[in-house]
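*Asks:* Any chance you could fold what I've pasted below:
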Amino acid sequence: MVRQLLVRHMKVTSRGQTTKPIYLNKYTSTVAAHGCVILKLSSATTVAVPAFTFYNAAASTNTLSGGAVTRVVNSSVTVVGFVGNGGTLTINGVDGGASGGTKTLSLDYINADFTMSNTACSNCRNAFISVNGGTAAQVQMPISGQSWDILLSGYLVSLSGFKAGKTNTIQISNPNAYTPDFFRVGVSI
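*Replies:* Predicted coordinates:
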């Protein structure tokens with residue numbers, strides 16, 4: 001069996017499309033069934049961990065509409081659910097920094113939906129995320145656990161369309177299905 005290790009970089013554009021993967025390096029090996037390969041990576045390039053400003057989805061400054069509601073998961077986590085099928089979550093007052101432009105978003109969410117109907121990504125729920133009313137990018141968000149109280153933190157997406165200052169909005173929706181339940185959204189500083 002031939003396995004390839006591909007290191008790639010992809011970006012989601014504001015038009016909802018992903019860029020072609022850019023393969024930075026590749027390694028190919030033949031591995032027997034149930035075999036394994038141990039790799040020792042060297043000469044790796046380290047990248048600074050991005051810093052984020054986090055916005056709680058259930059904050060009173062945000063706008064919930066069309067059936068989106070808050071749900072208490074535990075004493076420290078409240079999520080917004082029923083986003084999609086007409087329900088939307090709009091995060092208001094988002095800081096685009098001094099220059100705006102493209103930002104990395106860190107999404108913390110819960111998705112325990114076991115489904116095989118999404119053939120592009122089994123057990124994923126789709127969220128359509130737009131910045132400042134621009135064209136929404138479709139983001140496939142994988143399962144976070146086997147119950148609706150297991151949080152996945154740090155799912156990264158790159159989106160453009162931010163303006164300088166703290167007047168930006170991020171809207172999350174899906175016209176045909178439900179998205180995951182959202183705990184918070186981080187925007188890179």
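
*Asks:* CA only for contacts and neighbour counts going forward, please
*Replies:* Fine.

*Asks:* So the residue in the chain sticking out farthest from the centre: helix, strand or coil?
*Replies:* Computed with CA atoms, centre = their mean, the residue of the chain farthest from its C-alpha average is A32, at 35.3 Å. Three-state call for A32 (DSSP: H, G, I helix; E, B strand; the rest coil): coil.

*Asks:* How confident is the prediction for it, by pLDDT?
*Replies:* With respect to pLDDT, A32 has a value of 84.

*Asks:* low pLDDT regions in the protein?
*Replies:* 1-25, 118 (pLDDT under 70).

*Asks:* Repeat the analysis, applying 50 as the threshold.
*Replies:* 1-14, 16, 18-19 (pLDDT under 50).

*Asks:* those strands in it, which residues are they?
*Replies:* In the chain, the strands defined using DSSP state E lie at 2-9, 22-30, 52-56, 63-65, 69-74, 77-81, 88-94, 101-110, 125-131, 137-141, 152-162, 168-173, 181-188.

*Asks:* Endpoint to endpoint, stretch 157-168 covers what distance?
*Replies:* 17 Å (CA to CA, to the nearest Å).

*Asks:* May I see the buried residues of that stretch?
*Replies:* V157, S158, L159, S160, G161, F162, K163, N168 (16 or more other CA atoms under 10 Å).

*Asks:* With respect to T70, which of those is nearest?
*Replies:* N168 (22.0 Å; CA to CA).

*Asks:* Spatially, what comes nearest to the closest one if we skip its sequence neighbours?
*Replies:* V94 (4.7 Å; CA to CA, 6 or more residues apart in numbering).

*Asks:* didn't V185 look like it was pressed against A58?
*Replies:* No: counting by CA atoms under 8 Å, V185 stays clear of A58, with 10.6 Å between them.

*Asks:* how about the strands of the chain in TSV, adding distance to S117?
*Replies:* Converted to TSV, the strands of the chain look like this (distance: least, CA to CA, whole Å):
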stretch	distance to S117
strand 2-9	27
strand 22-30	29
strand 52-56	30
strand 63-65	27
strand 69-74	25
strand 77-81	21
strand 88-94	23
strand 101-110	19
strand 125-131	10
strand 137-141	13
strand 152-162	21
strand 168-173	19
strand 181-188	19
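
*Asks:* Looking at those strands, which is nearest to V37?
*Replies:* Among these, strand 22-30 sits nearest to V37 (CA to CA), with 8.3 Å.

*Asks:* burial count for Y178?
*Replies:* 21 (other CA atoms under 10 Å).

*Asks:* hang on, it packs against V80?
*Replies:* No: at 11.5 Å, Y178 and V80 do not qualify as touching, with contact defined as CA under 8 Å.
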